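[1] would you be able to build a 3D model of this:
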Amino acid sequence: MPESTYPRKSLRAGGSPVPPLALGSWNTWDRMGPDEAVALIRRAVDLDAGFFDVAYYNMGPHAENSKTDILFGQALRASGVDRADIVLCGKLWLWDWPNQGFRAQLVESLQRAGLDRFDTLVVGDYLDAPDMPRLVTEVNDLIAEGLVDSWGINNWRIEHTRQAIAEAEAQRVAGPVFAQLKYGIARRSMAEGDAYGPLFADGTLTLQASDVFEGGILATGRVPERKIGADVGASASRSPRCSPLSRASRGVRGDTGRARHRLLPHQPRDGERAVRRLSTLAAGAEPRGSRPRPRSRSRGARCARRMPGRSGGARRRRLVRSAGRDPILRIGSTCATSARRRTRSSPRRPR
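    Below is the predicted model:
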């Protein structure tokens, strides 16, 4: 096993520890060549990030007939990586369930990727609340059949997550052991708040953070032209330039819902970028752009001048008001803090 910067942790009590970093499959393996995919898999295993989320995107908002899972399976076999050195996570969709049963979905996903089983799986999000007793029963049938060891949920409402836990206890079967939630420097409330926070604190669930780069915005400094994950809570579109999300990306321009992007001088191929990004994370370093700039006395004024408005004072007051009501701005926003301090304490200059 390679030496890891971060300690391994198990997804469930008594389970085997898993790598601390994972790679998803949506719009990943179909955006690079075969050699790059093989290199990325090998590099991930070398850096103790051999945790791969594999899914067949074929229904609901993901009705794309994507081949990314097939390409991953081909690259995995070509890499020569030992199956015992990696963790594979499958995915079940609720968009057409129970018309498409869980077993049929999982068997098809395994066959497409050329696999015999998953180590764990995640049950995706939904439009309408699912039939929880039936859902828990069907997932545990897969566990009993040896197709998977454990399961978790993806962006569920907290009341339904608690219902699944309670239903599993009532049936005396395996309940969800992890929650895959959108979580990063600019999107923290769902995982850290009163809803899921207690379940993570007492060990009922393990957090699997997803979309940590906001679909690439935080990692590349530009808004991708390709389709990215849903903006739950409209955090990305509501964040002005002084928010942690936009400050980290630096290349984002525009107001709410009208973000533009600045092309960087060197834009490597997706495979090259993925390997660099993975190496940076595994080394314990922050991705480029995630470290805030040093605070200075004029920081608030500089941020305020970037905001649209007729005068510097109006811009600063608008920034302060936004920071007061927007939870995203309140999280580590040196711009808003600095502007608030200057607005309250600095004397007005005579006109």
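[2] which helix or which strand is home to Pro133?
    Pro133 is part of helix 132-144, with elements assigned from DSSP states H and E.
[3] list the buried ones in that helix?
    Residues of helix 132-144 classed as buried: Leu135, Val136, Glu138, Val139, Asn140, Leu142, Ile143 (neighbour count, 16 or more other C-beta atoms under 10 Å). Where C-beta positions appear, they are placed from N, C-alpha and C, glycine not excepted.
[4] and which of those residues is nearest Trp29?
    Distances from Trp29 to the buried residues of helix 132-144, taken as C-beta to C-beta, are shortest for Leu142 (24.2 Å).
[5] show me the contacts for the residue nearest to that closest one when sequence neighbours are not counted.
    Spatial nearest neighbour of Leu142, excluding adjacent residues (C-beta to C-beta, 6 or more residues apart in numbering): Val148 at 5.2 Å. Neighbour list for Val148: Gly90, Leu106, Arg117, Phe118, Asp119, Thr120, Leu121, Leu142 [criterion: C-beta atoms under 8 Å, 6 or more residues apart in numbering].
[6] and Gly216, how many neighbours?
    Neighbourhood size, Gly216 [other C-beta atoms under 10 Å]: 19.
[7] pretty sure it is in a helix, no?
    Yes. Counting by DSSP: H, G, I helix; E, B strand; the rest coil, Gly216 is located in a helix.
[8] roughly how far does it sit from Asn99?
    Remark: distance between Gly216 and Asn99 (C-beta to C-beta, to the nearest Å) = 34 Å.
[9] now Ala186
    Using C-beta to C-beta, Ala186 is found at 37 Å from Asn99.
[10] these two: which has the busier surroundings?
    Ala186 (25 against 8).
[11] so the more buried one touches Val212, yeah?
    No. Contact criterion C-beta atoms under 8 Å: Ala186 and Val212 do not qualify, at 10.0 Å.
[12] list the buried residues in stretch 35-42.
    Glu36, Ala37, Val38, Ala39, Leu40, Ile41, Arg42.
[13] with respect to Leu181, which of those residues is nearest?
    Using C-beta to C-beta, these come closest to Leu181 at Leu40, 24.6 Å.
[14] toward the C-terminus, what is the element adjacent to the helix or strand that closest one falls within?
    Following DSSP H and E, one finds Leu40 within helix 34-46. Downstream of helix 34-46, the first helix or strand assigned by DSSP H and E is strand 51-53.
[15] what pairs with that following strand, parallel or antiparallel?
    If you go by DSSP bridges, strand 51-53 pairs up with strand 22-23 (parallel), strand 87-92 (parallel).
[16] who touches that strand?
    18-19, 21-25, 41, 44, 72, 76, 86-89, 91, 122.
[17] could you rerun that using 6 Å?
    For strand 51-53, contacts defined as C-beta atoms under 6 Å, 6 or more residues apart in numbering pick out Val18, Pro19, Ala22, Leu23, Gly24, Ser25, Val87, Leu88, Cys89.
[18] min pLDDT across those, which one?
    Lowest pLDDT among the contacts of strand 51-53: Ser25, with 79.
[19] burial count for the residue lying closest to Gly73 once chain neighbours are set aside?
    Counting by C-beta to C-beta, 6+ apart, Ala113 is the residue found nearest to Gly73 once chain neighbours are left out, at 3.6 Å. Number of residues near Ala113 (other C-beta under 10 Å) recorded here: 25.
[20] residues contacting Ala113?
    Val54, Asp69, Gly73.
[21] so the last one makes contact with Gly114?
    Yes. The pair Gly73 / Gly114 is scored as a contact, 4.1 Å apart, by C-beta atoms under 6 Å.
[22] now a ChimeraX select for only the buried ones of the contacts of Val148.
    Buried members of the contacts of Val148, defined by 16+ other C-beta under 10 Å, are picked up in ChimeraX with:
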select :90,106,118,119,120,121,142
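[23] now pLDDT and distance to Gln163 too, for the contacts of Val148, in TSV please.
    Formatted as TSV, the contacts of Val148 follow (pLDDT from 0 to 100; distance: C-beta to C-beta, whole Å):
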residue	pLDDT	distance to Gln163
Gly90	96	22
Leu106	96	22
Arg117	96	28
Phe118	97	24
Asp119	96	25
Thr120	96	20
Leu121	96	19
Leu142	98	20
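[24] closest to Gly50 among the contacts of Val148?
    Distances from Gly50 to the contacts of Val148, taken by C-beta to C-beta, are shortest for Asp119, at 11.0 Å.
[25] right, and that closest one touches Asp85 too?
    No. Judged on C-beta under 6 Å, Asp119 makes no contact with Asp85 at a distance of 11.8 Å.
[26] coming back round to it: mean neighbour count, the strands paired with strand 51-53: which tops it?
    Mean neighbour count (mean count of other C-beta atoms under 10 Å) peaks for strand 87-92 among these, with a mean of 24.
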